[in-house]
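Enquirer: mind folding the following:
(one chain, ligands or ions: 1)
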Amino acid sequence: MKRSEIKTEYTWNTEDILSGISEFNDRFLNLEKQVDFSMFKGKLSSPDVILECYTKLYDVYSELEVLAVYAMMKRDENGADPVANELNCKIDDLSVKFSAETSFIDPELSTLGKDFLENLLKDGRFNDYELDIKRLIDFLPHLLSAETENVLSLGGKVYGGYHDAFSMLDNVDLDFPTIKVDGKKVRVTHATYSSLLQNPDEKVRKNAFKSYYKAYLKVLNTITALYRGNVDKNVFLSRVRKFNSSLDRALFGEEVDKSVYNNLIKQTHKALPTLHRYISARKQIMNKTIHMYDLYVPLTENADLKLDYNEAFDLVLKGLEPLGNDYINLLLKAKNERWIDVYETEGKRSGAYSVCVHNLKHPFVLLNHTKTTHSVFTIAHELGHAIHSHFSKTYQPRTKSDYKIFVAEVASTVNEVLLIKYLIANANDNKTKKYFLSYYLDTVRTTLFRQTMFAEFEEKAHALSEQGSPLTKETLNAIYLKLNKKYYGKSVVSDKEIAYEWARIPHFYSAFYVYKYATGIIIAIAIAEKILSGEKDAVKNYFKFLSSGASDKPTELLKLTGVDLTSNEAFELAFNSFENALIEFEKLN
Ligand SMILES: [Zn+2]
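Expert: Presented below is the predicted three-dimensional model:
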C-alpha cells in the first residue's frame, strides 16, 4: 500500500511537531548558529557561568532532539524519500558537532573537585541539574589524568573490534548448513533456525540443531579468541578505571547496585524446581525424552488471534482496564489524536517503536499492524512506553524526564502481562486458554530463566579472566554445560552441542546487558500481580513510578511501586505467577 491510500486517522500527525520541511529548515538554521560553546571553554569556574552553560546545553539539546525525531519519523514513513534522508544527514552532522562542541564540559567541571561540586548541589539554582552534578561526583574516583583520558578516548574505536569481528563471522562468513524438510532443501540460518526448532517433526528439529551447532564448532577456536578478547578488554577497562570488577563497572554506568545482580541469580536458583516441573510437563505432553531441540515446539494447537486494528485496540483496552479510567482515556487520546502510525506502507520502517523527547507535545508510536497475536501485544507494549514517556515528561523537568534503560521496559512489559492475564482469564475454551498459558510460560522461561543463566555465565567468564585463569573453549564449554544442566534439570537431555551455545550469543559482546531482560520481566510481573490482586494503592503507586522519569536511581524509583529487587517479595510474586500458570496448564492436559 502507498501511504496516500491510508486513511489519515491511521497515520501519525507529524504536524504536532512542526508544520513541515520549511519550518524544519528555518529552525535548523537557527539551531546551527547556537551549536557553539566556545564562550564557556576554560571559563567554567564560577556558579554563574556554569549555570549559563547548563541552560544553554539543555536548550540546544532539546531543540536538536525535536528536529532529530522529526527527521527520523519522516524517514521511517518512507526510507526511500530523498528529502527525509537529507534531513537525517543534516541532523547527524549537527549532532556530531554538538558532541564535539560540548565534550569539554564534563572534564572541565570534574577538575573543580568534589567540594566545589557538592556546593553547587546546595545552590537551589542547580536543582534541575543535580543529576548531572551527582553523576560527575560519583565518577570522580574513576576519573584519570587528562593525558590518560585522552589515550583511552583515542582507543574508543579499537574496543568494538571483537564485536565487529564476531558479527562479521556470525552474519556473513559462517557456513550455514542445509537440511531436508519435507523433501526440500532448507538453509539453517539465524532467521530459519527458530522456526525449524518449532517444526512438529523431531527429525527436522534434530537435524537443524545438530547442523547449526556443527557450523559453530568449525569456527569455535576463532570465536573463543574473540570472546576472550572481549572479556579481557572489559577487565582492562574496569582496572584502568579503578573498578573492583568488570561487573562493577557495567552496573556503575546504570546506577544499579551489585546486590540486585546477585539477588537475581540467587532467587532464580530457588525457583529452578518450578522450571524443571514445566519441562516435565512438556515431556508428558510430547510423550518423549526431551532434548534441547524440543524446547521450542508449541505444546498447544495454534489459537492465534486474528484481529484488525480497531478490534485489537479494543482488546488492549479491556486488558488494561485494571489500570483505571485515566490510563484508558490516555490510550484513547493516543488513538484519536493520531499519536500512532498503524499500517505497513511502501518503504516504511519495519517493526515497532515508541518515541518521545521532552519538548514534543506527545509521544509517537510506529506500528506495522497485521492480524496476529503478536500485533495485539505490540500495541500494548508500545503504548506502555508511550504513556511512561508521557507521564515522565509531564511531571519531570527536561533534565530528569529521560528514564534509564534499566526501567525502560517496565511499563511496556506490565501492559503485556496484564493483557496475557486477561486473555487467560477470559479464554472461551480450553484450547485458547492452553494456548495463552503456554505463551506466558514460554515467555517467562526464555526471558527470565534463560537470560539469568546468560547473566550467570557472563559473570563467571569475567571472574575467571579477573583471576588470571585462561579462557579456553574447554573452560567456557564446561561452565556453560554445567549451568545448562542446573537450569533445565534432569528432565531434559543436555545434548553435547549445547555446551557451546555461548559461542552463538551476540549479546555477550555487550557484556552484562541481558540481566535487564530478566529483572524487567520480574518487575513487570510483580507490579501486574499487585494491581490484579487489588493491593491497596497499587495503581496509584505505579503512576508515581511512571511519573518519576529519571529523578533518582532506577532501583530507588522502583521502590515507589513497592518493588525492591534486593529482597524476596518481587521475585516471589513473579515465580508464584509462573507456578500458578503452570498449575492451570497442567490441569488442562
Ligand atoms: Zn520495548
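
Enquirer: every contact and neighbour count from this point should use C-alpha atoms.
Expert: Will do.

Enquirer: thought Glu32 was touching Glu63, still the case?
Expert: No - taking contacts as C-alpha atoms under 8 Å, Glu63 lies outside contact range of Glu32: 10.5 Å.

Enquirer: ok, Gly489 - contacts?
Expert: Gly489 is in contact with Pro273, His276, counting by C-alpha atoms under 8 Å, 6 or more residues apart in numbering.

Enquirer: let me redo that: Ala411
Expert: Ala411 is in contact with His381, Gly384, His385, His388, Ala524, Leu546, counting by C-alpha under 8 Å, 6+ apart.

Enquirer: same question, Ser259
Expert: Ser259 neighbours (C-alpha under 8 Å, 6+ apart): Thr566.

Enquirer: where exactly do the strands run in the protein?
Expert: Chain-ordered strands for the chain, with DSSP state E as the definition, fall at 178-181, 184-187, 290-291, 340-341, 353-355, 364-366, 492-493.

Enquirer: in a markdown table: these, plus mean neighbour count, mean pLDDT and distance to Thr443.
Expert: Putting the strands of the chain into a markdown table (neighbours: other C-alpha atoms under 10 Å; pLDDT from 0 to 100; distance: least, C-alpha to C-alpha, whole Å) gives the following:
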| stretch | mean neighbour count | mean pLDDT | distance to Thr443 |
| --- | --- | --- | --- |
| strand 178-181 | 16 | 94 | 27 |
| strand 184-187 | 13 | 94 | 27 |
| strand 290-291 | 18 | 96 | 19 |
| strand 340-341 | 23 | 98 | 26 |
| strand 353-355 | 18 | 96 | 20 |
| strand 364-366 | 26 | 98 | 23 |
| strand 492-493 | 19 | 94 | 19 |
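
Enquirer: now these as a markdown table including distance to Lys218?
Expert: Compiled in a markdown table, the strands of the chain are given as follows (distance: least, C-alpha to C-alpha, whole Å):
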| stretch | distance to Lys218 |
| --- | --- |
| strand 178-181 | 15 |
| strand 184-187 | 17 |
| strand 290-291 | 22 |
| strand 340-341 | 45 |
| strand 353-355 | 37 |
| strand 364-366 | 41 |
| strand 492-493 | 23 |
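
Enquirer: of all those, which one comes closest to Tyr54?
Expert: Shortest separation from Tyr54 across the strands of the chain is recorded for strand 353-355, at 24.5 Å, computed as C-alpha to C-alpha.

Enquirer: mark which of the contacts of Ala411 are buried, thanks.
Expert: Among the contacts of Ala411, those classed as buried by 16 or more other C-alpha atoms under 10 Å are His381, Gly384, His385, His388, Ala524, Leu546.

Enquirer: list the contacts for the spatially most central residue of the chain?
Expert: When the chain is reduced to its mean C-alpha position, the closest residue under C-alpha atoms, centre = their mean turns out to be Glu409, at 6.0 Å. Glu409 sits next to His385, Gly520 when contact means C-alpha under 8 Å, 6+ apart.

Enquirer: from the middle of its chain, how far away would the longest helix anywhere in the chain be?
Expert: Determined from DSSP state H, the single longest helix within the chain is helix 47-77. When C-alpha coordinates are averaged (C-alpha atoms, centre = their mean, to the nearest Å), helix 47-77 and its chain have centres 24 Å apart.

Enquirer: who does it touch, helix- and strand-wise?
Expert: When contacts are defined as 3 or more C-alpha pairs under 8 Å, 6 or more residues apart in numbering; DSSP states H and E, helix 47-77 sits against helix 21-34, helix 82-102.

Enquirer: at 7 Å what do you get?
Expert: When contacts are defined as 3 or more C-alpha pairs under 7 Å, 6 or more residues apart in numbering; DSSP states H and E, helix 47-77 packs onto helix 82-102.

Enquirer: which parts of the helix it packs on are buried?
Expert: Under the neighbour-count criterion of 16+ other C-alpha under 10 Å, helix 82-102 has Ala84, Asn85, Leu87, Asn88, Ile91, Leu94, Ser95, Phe98, Thr102 buried.

Enquirer: could those residues go into CSV alongside distance to Ser491 and pLDDT?
Expert: What follows is the buried residues of helix 82-102, written out as CSV (distance: C-alpha to C-alpha, whole Å; pLDDT from 0 to 100):
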residue, distance to Ser491, pLDDT
Ala84, 54, 95
Asn85, 53, 95
Leu87, 56, 96
Asn88, 53, 95
Ile91, 55, 96
Leu94, 57, 96
Ser95, 54, 94
Phe98, 56, 95
Thr102, 57, 92
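
Enquirer: out of those residues, which is nearest to Tyr480?
Expert: Of the buried residues of helix 82-102, the one sitting nearest to Tyr480 (C-alpha to C-alpha) turns out to be Ser95, at 41.8 Å.

Enquirer: how near is the closest residue to the closest one other than its chain neighbours to Gly534?
Expert: Closest residue to Ser95 apart from its sequence neighbours, by C-alpha to C-alpha, 6 or more residues apart in numbering: Leu64 at 7.6 Å. Leu64 sits at a distance of 43 Å from Gly534 (criterion: C-alpha to C-alpha, to the nearest Å).

Enquirer: these two: which is more packed in?
Expert: Between Leu64 and Gly534, counted using other C-alpha atoms under 10 Å, Leu64 has the larger neighbour count: 21 against 12.

Enquirer: where's that one relative to Gln34, distance?
Expert: 10 Å.

Enquirer: the stretch 451-589 of the chain: helices as residue ranges?
Expert: Taking DSSP state H, counting those that start in this stretch as the criterion, the stretch 451-589 of the chain contains helices spanning 473-488, 515-532, 538-546, 554-558, 569-588.

Enquirer: which of these is buried the deepest?
Expert: Mean neighbour counts were taken over the helices of the stretch 451-589 of the chain using mean count of other C-alpha atoms under 10 Å, and the top value, a mean of 24, falls to helix 515-532.

Enquirer: phi, psi of Thr111?
Expert: For Thr111, the backbone dihedrals are phi -70, psi -10 (criterion: degrees, to the nearest 10).

Enquirer: Cys89 versus that one, what's the distance?
Expert: Remark: distance between Thr111 and Cys89 (C-alpha to C-alpha) = 35 Å.

Enquirer: again with Ser103
Expert: Ser103 sits at a distance of 21 Å from Cys89 (criterion: C-alpha to C-alpha).

Enquirer: now do Lys371
Expert: Taken as C-alpha to C-alpha, the span from Lys371 to Cys89 is 35 Å.

Enquirer: OK, contacts around Phe116?
Expert: With contacts taken as C-alpha atoms under 7 Å, 6 or more residues apart in numbering, Phe116 has no neighbouring residues.
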